[in-house]
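> show me how the following folds:
(chains A and B)
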Amino acid sequence: MERPTTAPGNTPRSLVGQMAVLVVCAAVLGMFAWWLGEATSVAAAVLAVVVAAVAGFAALLDLQRRRHETTEQALQGMQARMYGIAESAMDPIISIDEEQRIVLFNAAAERAFRWPRGAIMGQSLEVLIPARFHAAHRAHVARFRDTGVTSRRMGGANALVALRANGEEFPIEASISQHVEDGRRILTVILRDVTERTRAEAMLAHSEARLRGILDSAMDAIITVDEQQKIVYFNLAAERMFECPQDQAIGAPLAWFIPDRFRRSHAAHVAEFGATGVSSRRMGGARVVTGLRRTGQEFPIDASISQLEVGGAKFYTVILRDVSERVRALDALARSREELRELASTVSSAREQEQTRIARELHDELAQSMSALKMDVKLMRVSADKDAALKRRLDRMEGQIDATIAAMRRIAADLRPLTLDDLGLVPAIESLVEDFGRRTGVRCELAVSDADMQMPAAHATAVFRIVQESLTNVAKHAMASLVEVVVSGDAQGVTVTVRDDGVGFSTADPRKPQSFGLLGVRERAFLLGGEARVTSAAGAGTEVEARLPFEAGRHLGAAGDEAGAGPGIEG
Amino acid sequence: MPLPGSADSGVVSNHATSVFLVDDSTPVRERLRELLSLESGIDVVGEADSAATAIEGIKCLRPAFVVLDFRLPDGTGLDVLRATGAADCHSTFIVLSNHASSQLRAACTAAGAQFFLDKSTEFDRLVFIIAEANAAAKGH
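Below you'll find the model as predicted:
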C-alpha cells in the first residue's frame, strides 16, 4: 500500500504557530547575547541559533509524526468498514493470495463451510474443494490471473462443487475478482450455496421426466400444436398411430395427419374452438373423425381437444384414439342387426301368410260346410214339423252349429282379417274400430286422410296390426271414454296414431304388462324401417304413433310378397 | 264351366221366378237349390262356381235373382256385380256370404247388390225374399 509522503494542504495551524514562536524566541536570545559582550556573545549567538534550529527541527518531526498517525487512523477505519461489509454479507466471501492461502473468510463463509475462521485462515483454498477438482481448479485460477480481467463468473453455466469441513459436498455458484494489494495479487471469490436451488431444479426435471413418461406411456396419441397448428408435442402413441417418428413430427404442420379433404374444415373448427374459450371438448360431435397415417392410410379416430394459454401463446392439445376396431365392430353389429331384422321381417311375413292361409281355409272350407249343415237342419225341420222330439233335437243341433260358426269366424278374424285383403286397409280398420266400439262400449273415432289409400301389403298389414294391438291395449288398461284413430298417408309413407283419454301410465316405469303390446307396435314399425313412439303420463291418456316410410323399403322384398294383395284387390 | 242346372238355360218359364246360384261350394249350392224348390214357382235356371262362369251365365240367362257368394276362387262377388252391371241390370242381386261385415255390405250395396245376407244365419230370409217376389209376380 502506498503511503503519502507530503501533505501540504493538511498542515495543522498549531504547528506553524509553534515553529514561529520558536524562531522568534531564538532570535530574541541572540540579540540579548550580542548586547552582553563580544567573546561570549559569539558562542551565545551560535547557541541561540542551534537552540532555535533544534527547536524548529523538533517541531518539524512532531509535525511528521502527527501526520503519519492521522493517515494510519483513516486507513484502519476504512479497513474496519470493509471488513464489516464483508462480514455482514449474506454470501460467503473468501480472499486468497497468490499462493492460494486464505486471507479473508467472512462469517457467511464460516457458516457455509462449517470452518471457524481461526482454523482456516492461511490454509490453502483447496481445503474447500473436493480433491477431484483440485487440478482443474488450479488451472482455472491460473488462467484467470493471466487474463487480467478483474472479475467474472466461475464455472460458466455449470454449478461448482464445494467441500464443507465435515466432508459434505455442496453445489455453489461463484464469481471471482482480482486486485493488487501491497504489490501482491489478491483473488476474491464471492459464492452462493445453491443446494436448495439445485434440488428444486432436480425436482422440476424429475417431474418433467415423469410427466413425459406418463404422456409417452399413454395408450392414446397426444399431440400439442401452437396457434399456427405446428406440432410442438407428439407422444409415443402418436408415433405408433400415425407411423411417424417424433423428431419428424415436431415442427410439422398438423395437416400432415389429416386427410386432404378435411384440412380446410378442420382448421376452421380449431379456430372456432379457440374463439369459444371452452377449455376442452370432444371433436366431431357424435361423428368419428378421420386421421391420416404417414403411410397414406386413413383410419377412424375418436378425438377430444383442449386449449391452454401459456405466456400469451395459445396451445391446442388433442387426445386421439384409433377406433378402427370399434368402427369395424359397430359395422359388423349393424350388419348383424340388419340381418336379424330381415330375418324377423321374413318370420313376421311368413307368420302373416300362414295365418292368412288358415283364416281362408276356415272361411272357405269349414264355414261353407257349416252353412250347408245349417241348411240341412232347416230342410229337416220342414219334414219334422209334427215330431216334437225331432224338432227339439234339431233346435239343439242348430244351436250347436251356430256356436261353432261363431267360434270359427272369431278364430279366422283373429288370425287374419280377410276384409284387409278383400277391401283394403281403410274398410278393414273401419271394421276393427266398429268392432272395438261394440265390444267395449268405448266411443272410437276414425279419421283417414284418404279412403282409397294405396300402400304395399306389408305396410297395410303393419298399420292394421298396430291399430289392432293399440286398441287391445286400450281395452285392457286405459279405462278410456274416447279413442281416436288417425291414419294419414302421403307419397313418403303412412302415419298411424291411436290416442285415448284413459288413465295413462308413466313411460319411465319399468316394463308394464301393457308394454308387451306396445313392444309389438315398435317391432312392426322397426321391421319396416319406421319407428313408433308411445307418449303417456299417469292420468293423461296414452298416444301411440308409428311412422312407416315407403322408401326405407329395404325390407319390402321380404315382407312384400305376403299372401293377399293389398288394398283394392279388384282394381 | 257349365253346371248341370244350366243345361236348359235360355228357356225361362213365363210363370216361374228364375234364380241363378253362384257359390264355389257344391254342398251349399245343392242345399240352396233344395230349399228354393220347396217353394213353387221358383226356378233355378243356372249355377256357377266361379266369378267368370257366373258373369257369363248371368249375362246369358238374365235371371230375375242372382244369389251371389262373396269369396270365389277367381275373384269376389264384387267382381261379378261390376262385370254384370248389377246396378243397372234387371236382375236382383242377393249377396250371401259367410264373411258378413258392414264394410262388405256397404261395398256390395254400392256395386249394385240389393240384399246382403249372412250365409249361416240369414239364408232362410233369402228364400223368403225370392218367394215373396214370386208371389207378387203371380198375383200380377
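
> how about the residues of chain B by chain A?
The interface of chain B toward chain A, taken as Cβ under 8 Å from any Cβ of the partner chain, is made up of B:23-25, B:27-28, B:30-32, B:34-35, B:38, B:70-71, B:75-76, B:78-79, B:82, B:98-99, B:101-104, B:106-107, B:119-121, B:123-124. In this view, the C-beta of every residue, glycine as well, is placed from N, C-alpha and C.

> now the residues you listed: which count as buried?
Buried members of the residues of chain B next to chain A, counted by 16 or more other Cβ atoms under 10 Å in any protein chain shown: B:23-25, B:28, B:30-32, B:35, B:70-71, B:75-76, B:78-79, B:82, B:98-99, B:101, B:103-104, B:107, B:119-120, B:123.

> so which of the residues you listed belong to strands?
B:71, B:75-76 (DSSP state E).

> can you tell me the element A:R392 falls in?
helix A:388-415 (DSSP states H and E).

> can you pull the buried residues of that helix?
Judged by neighbour count using 16+ other Cβ under 10 Å, the buried positions of helix A:388-415 are A:394, A:397-398, A:401, A:404-405, A:408-409, A:412-413, A:415.

> tell me the one of those residues nearest chain B?
A:I405 (4.7 Å; Cβ to the nearest Cβ).

> ok, the closest one touching A:Q368?
No. In this structure A:I405 lies outside contact range of A:Q368 using Cβ atoms under 8 Å: 10.7 Å.

> tell me the residues that contact both of these two, please.
Each of B:N98 lies in contact with both A:I405 and A:Q368 under the rule Cβ atoms under 8 Å, 6 or more residues apart in numbering or on different chains.

> for the closest residue in space to B:A52 that isn't next to it in sequence, which residues are in contact?
In this structure, B:A52 finds its nearest non-sequential neighbour in B:D74, 5.7 Å apart by Cβ to Cβ, 6 or more residues apart in numbering or on different chains. By Cβ under 8 Å, 6+ apart, the contact set of B:D74 is B:50-52.

> at 10 Å instead, please
Neighbouring residues of B:D74 by Cβ atoms under 10 Å, 6 or more residues apart in numbering or on different chains: B:24, B:49-54.

> among the residues you listed, which are in strands?
Per DSSP E, those never map to strands.

> export these to TSV and tack on distance to A:L163?
Listed next are the contacts of B:D74 as TSV, based on distance: Cβ to Cβ, whole Å:
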residue	distance to A:L163
B:D24	123
B:D49	127
B:S50	124
B:A51	122
B:A52	125
B:T53	129
B:A54	128
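
> closest one to A:S449 out of those residues, please.
B:A51 (31.9 Å; Cβ to Cβ).

> that closest one: neighbour count?
By other Cβ atoms under 10 Å in any protein chain shown, 23 other residues sit near B:A51.

> returning to what we had before: which two of the contacts of B:D74 have the greatest separation?
Comparing all pairs in the contacts of B:D74 by Cβ to Cβ, the longest separation belongs to B:D24 and B:A52, at 11.7 Å.

> quick check: neighbours shared by the two?
B:72-74.

> give me the phi and psi for A:V225.
Recorded main-chain torsions at A:V225 are phi -120, psi 160, according to degrees, to the nearest 10.

> and A:F526, by the same measure?
Torsion angles, degrees, to the nearest 10, at A:F526: phi -60, psi -40.

> could you do A:L446 as well?
Residue torsions, per degrees, to the nearest 10, at A:L446 are phi -120, psi 130.

> one more: A:P259?
Main-chain dihedrals, A:P259, degrees, to the nearest 10: phi -60, psi 140.

> how about A:Q228?
Backbone torsions for A:Q228, taken as degrees, to the nearest 10, come to phi -90, psi 10.

> let me see the contact set for it.
Contacts of A:Q228 by Cβ under 10 Å, 6+ apart are A:253-254.

> re earlier: with distance to A:A174 and pLDDT added, can I get the ones in strands among the buried ones among the residues of chain B next to chain A in a markdown table?
A markdown table is the format used below for these (distance: Cβ to Cβ, whole Å; pLDDT from 0 to 100):
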| residue | distance to A:A174 | pLDDT |
| --- | --- | --- |
| B:R71 | 116 | 89 |
| B:G75 | 116 | 90 |
| B:T76 | 115 | 90 |
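
> save those as CSV, and put in distance to A:S177 too.
Output for those, formatted as CSV (distance: Cβ to Cβ, whole Å):
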residue, distance to A:S177
B:R71, 123
B:G75, 124
B:T76, 123
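
> closest to A:A491 out of the residues you listed?
B:T76 (28.9 Å).

> thought that closest one was touching B:A107?
Yes. Proximity of B:T76 to B:A107 meets the contact threshold set by Cβ atoms under 10 Å, at 9.1 Å.

> okay, and the common contacts of these two?
A:422-423, A:570, B:70, B:95.

> tally of neighbours for B:L81?
Neighbour tally, B:L81, other Cβ under 10 Å: 26.

> next one: A:V161
If you count neighbours by other Cβ under 10 Å, A:V161 ends up with 14.
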